[in-house]
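Peer 1: here's my sequence, what's the structure:
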Amino acid sequence: MPQAIYDIYCGPAPDLASLPWRWNLDPLLLAALAVLALALFRNGGERVSAALGLTVLVVAFVSPLCALASALFSARVFHHVLLVAVAAPFLALALGRAPWLARAPQFGFAAHTLLFWLWHSPAAYGFALSSHTAYWLMQLSLLGSAVWLWAAALNPRTPTGSACALLFGSVLQMGMLAALLTFSRAPLYDAHFATTAAFGLTPLEDQQLAGVLMWVPAAGPYLLAMLWRIRAVLSERSPDRRAP
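Peer 2: Numbering: from 1, shown residues only. The predicted model follows:
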């Protein structure tokens with residue numbers, strides 16, 4: 001079979017020596033982040049959430065993590081976890097005055113699940129690395145669908161049971177995909193066949209590490225959000241404490 005040709009947005013795979021210097025200072029990216037920051041802070045939502053969400057995006061796309069994801073599939077998965085499980089809820093809170101985002105939560109969950117599985121399939125993943133346009137299609141669709149999901153799950157008007165179902169369903173679907181990656185007997189992503197050795201990993205070990213990251217740490221934000229929703233309901237139902 002002919003070798004696939006990749007045009008990875010973050011550049012060629014680094015090694016340990018060059019990684020600390022591989023910051024992504026793409027002017028278009030920096031301009032887009034600046035426009036997003038302006039829009040979020042003018043929206044009137046949670047400014048702390050906006051700042052935290054933007055910080056996570058900078059870590060994902062500007063820091064050397066962007067280049068590391070060219071070498072390691074596990075770094076790519078960590079990058080995606082930052083987008084969908086950390087940046088997305090902060091951005092959803094920052095867009096609190098956009099209630100339309102919380103509509104049709106079931107469709108939001110279905111869209112995000114479909115896109116998450118699609119972009120982590122070997123064929124679609126290879127396509128995403130074939131051009132800069134395909135790369136940003138992957139990143140923006142993952143982030144956008146995750147913001148839709150989190151906006152519904154964190155909206156106080158969404159019943160707690162429905163919100164918890166959305167969050168727990170997300171943990172389950174990610175866990176199922178993680179299990180497939182962790183217990184696969186062969187590496188699936190040929191874009192990383194020749195790039196993991198510089199970091200002391202075989203392609204299969206890199207893929208297994210990716211599965212563990214998707215399985216365990218990624219579940220944390222969803223479970224914390226579930227506890228937060230449940231705690232809020234219990235606080236509302238508890239009787240007022242009166243001074244003796």
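
Peer 1: how about the helix or strand bottoming out on mean pLDDT in the chain: buried residues?
Peer 2: None of the helices or strands of the chain scores lower by mean pLDDT, DSSP states H and E than helix 219-237, at a mean of 86. Buried residues in helix 219-237, counted by 16 or more other CB atoms under 10 Å: 219, 221, 222, 225, 226, 229. The way it works is simple: take the backbone N, C-alpha and C, and place the C-beta from them, glycine included.

Peer 1: helix, strand or coil for the residue nearest to residue 15 when sequence neighbours are not counted?
Peer 2: In this structure, residue 15 finds its nearest non-sequential neighbour in residue 198, 4.2 Å apart by CB to CB, 6 or more residues apart in numbering. The three-state label given to residue 198 by DSSP: H, G, I helix; E, B strand; the rest coil is helix.

Peer 1: just to check, residue 198 is in contact with residue 17?
Peer 2: No. Counting by CB atoms under 8 Å, residue 198 stays clear of residue 17, with 9.1 Å between them.

Peer 1: between those two, which one's more packed in?
Peer 2: Using other CB atoms under 10 Å, the more surrounded residue of residue 198 and residue 17 is residue 198, with 16 against 8.

Peer 1: what's near enough to touch residue 68?
Peer 2: By CB atoms under 8 Å, 6 or more residues apart in numbering, the residues touching residue 68 are 14, 19, 22, 75.

Peer 1: what count of nearby residues applies to residue 12?
Peer 2: Neighbour tally, residue 12, other CB under 10 Å: 12.

Peer 1: and the closest residue to it other than its chain neighbours, how far is that from residue 145?
Peer 2: Distance criterion CB to CB, 6+ apart; nearest residue to residue 12, sequence neighbours excluded, is residue 70 at 6.4 Å. Here residue 70 is placed at a distance of 24 Å from residue 145 (CB to CB, to the nearest Å).

Peer 1: from residue 61, how far off is the residue nearest to residue 15?
Peer 2: Distance of residue 198 to residue 61, computed by CB to CB: 22 Å.

Peer 1: isn't residue 118 right up against residue 124?
Peer 2: Yes. Applying CB under 8 Å, one finds residue 118 in contact with residue 124, separated by 5.1 Å.

Peer 1: so, low pLDDT: which residues of the protein?
Peer 2: Low-confidence segments of the chain (pLDDT under 70): 1-5, 44-45, 97-99, 236-244.

Peer 1: mind listing the helices for it?
Peer 2: Here the chain has its helices, by DSSP state H, at 27-43, 47-61, 65-71, 73-81, 88-94, 105-119, 122-128, 132-154, 160-183, 203-215, 219-237.

Peer 1: so which of these comes closest to residue 191?
Peer 2: Closest of the helices of the chain to residue 191 is helix 122-128, at 6.1 Å (criterion: CB to CB).

Peer 1: now the closest one: how far from the chain's centre is it?
Peer 2: Per CA atoms, centre = their mean, to the nearest Å, the displacement of helix 122-128 from the mean C-alpha position of its chain is 17 Å.
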